[in-house]
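**Student:** Sequence first, then the predicted structure:
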Amino acid sequence: MPQRILLAFLGLAWAFFAAVSKGETPRTAPISLPEVWPPHPRLIATQADWDQLAARRAADKDLDAFVLRLVAEARTTLTEPAIEHRKTGRRLLGVSREFIRRVLLCSLAYRVTGEQVFLEQARADMLTVSGFDDWNPSHFLDVGEMSAGLALGYDWLYPQLGAADRAVIRQALVSKSLAPCRGGHSTFSLAHNWSQVCGGGIAIGALAVADEEPALAAEVLTSVHDTLHWGLDPYAPDGAYPEGPSYWTYGTQYSTLLAACLRSSLGGDWGILGWPGFLDGARFYTSMQGPSGEQFDYADSDGKEELAPPLFYIAQQLRQPSLAEHQKRRFVDRGRLQRERFAPLIAFWWPFDAGAPVRAQPLWYRGRGKNPVVAWRGSWNERDTLYFAIKGGGAGVNHGHMDGGSFVMDLDGVRWASDLGMQDYESLESKGVDLWNTSQRSQRWTIFRLGAESHNVLTIDGHPHNAKGLARLVEADAHGAIIDLSPVFLPGEVRAAVRQVKLGDRDVEIIDTVEGARPGSMVRWAMTTGATITPAGAGAVLERDGKRLQFQAAGAGVAISAVDVSTPSQSYDAPNPGMRQVIVTAPVKADGTWRLSVRLGGLPAAGIGSDSPAGR
Ligand SMILES: [Zn+2]
């Protein structure tokens, strides 16, 4: 950790603990804004940074290839249709994001090549969105993102834009982004990604026009600064992001964007990088990626790892290129930019400068907090290694699912235990589903992918989990973890419920115990999988991609079954092609207790180990 960050961190940590001990919300020091702002470009990259890019490219062929791919990508936007104000359901978000992608690509391509076509395209797109009647303030993320993109384009191309164009763009930022946030905005005080995206995007707009609109910019920047803790406190203490890995990328993108813009224009970052747990989020994100290529897509997350620019920024700040090495190999070196709108920033957030020490990342990660998660792996480089990750928490967080105690597992390069991940919001909202109501009886919990039934959890008598309940991580080390599941059950359903996992080299044991449940009630243990399931005695053999896994269950009165969950049970549920569940059920004993041990262990590939216990 560079000394500057360390000192900032220590200072902040002291202020934090001092404030917490007095029961106050921790705050950063008051902001000070300059009388004279540095010239454009001042957001992300100064003119010196742009000038150095050529030398850095000359010294690093991978960086050079990446920049050339960005230019090629920018060229493909030249033949795309103009951006239009077209909402999808209640969102303009897709338009804001497409605008960011195009304006960053073309602004960078112009600055790198000097080709006029890129300047013209970026200018046209900026004037188009500036001319929109609105940026859809009823869904304010759309405004926050549009503000960030327009601010960056305005700043990067400021010298080339004529006075008239600048005035139009500046006026759009003032009227659509800054003025509605004079004195603050309700979205800044939400304890989740909205605070980061809305606050960050609006603040970047303010930084872009601060010399021309000093009073308004100061007012907006102060309100964003004073509400930073809403979005940043959830990272404490280890970086585990309560809304899951996909939202980590989203929220963290805007906080790193703000930190980088503050540093390049003001020289400090308001303590963002030193916030407890913030930088640890990079280890959280990398630990959520399984060697199979699938991630632990809990809460409203996508199943696939995405190109994550904030990972590069944090790796650069910490001088730990290994944090972004996998992403570089998987996405950047292969030119798979996935239409990631912030990909151009990686040119400046490149952490792979010669001389940075390569430090191996630890093989297990523990993330505490409201929605805790633990992950273990045998290796960072071998695809066949065992990977297992389990979470506490559950439905009682923003974007949460009824998944307290759920887990995923990879072995031999195969994902054996899966989470089905999010369902596209518009696919539910367009059918009138009450998606954002999180009360116990909400329709939200009848959506298959969000409710308890689809997760790798315990349920009792088919009941949903407690919509406010959060399973507690009791302890975790390099060999296993214990999770208190009691809070996820409905009031009075159990006195205690605990899930323990024990990791071996190529196997995992999951031991569940329940006490104080109603005798005779039926406890259901579930594991969702893309494998075929062949029940065999007190177990089953799972098979996928030519690999096999032994599944063994030990407990009183257990019955094992396989259920096909590929077809939606309700009109609004998305299909889950190829997905099944292994279900183990057993009744609660007369003394109110229940116990089950499940062992998941690797087997030789089909056709080799015919003398294995499972047979063929
Ligand atoms: Zn889920």
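**Tutor:** That came through fine.

**Student:** secondary structure element for the nearest residue to residue 327 once chain neighbours are set aside?
**Tutor:** Nearest non-adjacent residue to residue 327, counting by CB to CB, 6 or more residues apart in numbering: residue 311, 5.8 Å away. Where C-beta positions appear, they are placed from N, C-alpha and C, glycine not excepted. Applying DSSP states H and E as the criterion places residue 311 in helix 309-318.

**Student:** same thing with residue 390?
**Tutor:** Element membership for residue 390, per DSSP H and E: strand 387-391.

**Student:** Heading C-terminal from that strand, find the next helix or strand.
**Tutor:** Taking DSSP H and E, what comes next after strand 387-391 is strand 407-411.

**Student:** roughly how far is that following strand from the heart of the chain?
**Tutor:** 19 Å (CA atoms, centre = their mean, to the nearest Å).

**Student:** Tell me if it is near the ion.
**Tutor:** No. Using CB under 5 Å from the ion, strand 407-411 stays clear of the ion, with a minimum separation of 10.2 Å.

**Student:** and residue 187, helix, strand or coil?
**Tutor:** Secondary structure state of residue 187, per DSSP: H, G, I helix; E, B strand; the rest coil, is helix.

**Student:** Go ahead and confirm residue 394 touches residue 464.
**Tutor:** No. Look at residue 394 against residue 464 with CB atoms under 8 Å: they stay out of range, at 10.8 Å.

**Student:** Which residue of these two possesses the greater neighbour count?
**Tutor:** The residue with more neighbours, out of residue 394 and residue 464, is residue 394; 30 against 19, by other CB atoms under 10 Å.

**Student:** ok, that one to the ion distance?
**Tutor:** Remark: distance between residue 394 and the ion (CB to the ion, to the nearest Å) = 10 Å.

**Student:** go on, residue 134?
**Tutor:** Taken as CB to the ion, the span from residue 134 to the ion is 34 Å.

**Student:** returning to what we had before: need the contact partners of the helix holding residue 311.
**Tutor:** 1-2, 5, 249, 252-253, 255-256, 259-260, 273, 279, 281-282, 285-286, 321-324, 327, 340, 342-343, 345-346, 349-351 (CB atoms under 8 Å, 6 or more residues apart in numbering).

**Student:** Now the phi/psi pair for residue 509, please.
**Tutor:** Dihedral angles of residue 509 (phi, psi; degrees, to the nearest 10) stand at phi -110, psi 130.

**Student:** and it, how many neighbours does it have?
**Tutor:** As a measure of burial, residue 509 has 17 neighbours, counting by other CB under 10 Å.

**Student:** the bottom helix or strand of the protein by mean pLDDT?
**Tutor:** Least confident helix or strand of the chain, by mean pLDDT, DSSP states H and E, is helix 3-21 with a mean of 40.

**Student:** Give me the buried positions along the next helix-or-strand element following that helix.
**Tutor:** Counting by DSSP H and E, the next helix or strand C-terminal to helix 3-21 is helix 47-59. In terms of neighbour count (16 or more other CB atoms under 10 Å), helix 47-59 has its buried residues at 50, 53, 56-57.

**Student:** overlap between those and the residues near the ion?
**Tutor:** The subset of the buried residues of helix 47-59 within reach of the ion, by CB under 5 Å from the ion, is empty.

**Student:** rewinding a little: which neighbours do residue 394 and residue 464 share?
**Tutor:** residue 402.

**Student:** hmm, back to that, can you narrow the contacts of helix 309-318 down to the ones near the ion?
**Tutor:** Counting by CB under 5 Å from the ion, no member of the contacts of helix 309-318 is near the ion.

**Student:** From these, list just the buried residues.
**Tutor:** Among those, those classed as buried by 16+ other CB under 10 Å are 249, 252-253, 255-256, 259-260, 273, 279, 281-282, 285-286, 321-324, 327, 340, 342-343, 345-346, 349-351.

**Student:** contacting residues for the closest residue in space to residue 38 that isn't next to it in sequence?
**Tutor:** Closest residue to residue 38 apart from its sequence neighbours, by CB to CB, 6+ apart: residue 265 at 6.1 Å. By CB under 8 Å, 6+ apart, residue 265 lies in contact with 37-38, 42-43, 207.

**Student:** Please produce TSV containing those residues, extended by neighbour count, pLDDT and distance to residue 398.
**Tutor:** Formatted as TSV, those follow (neighbours: other CB atoms under 10 Å; pLDDT from 0 to 100; distance: CB to CB, whole Å):
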residue	neighbour count	pLDDT	distance to residue 398
37	18	96	35
38	14	96	37
42	21	98	33
43	23	98	29
207	25	98	27
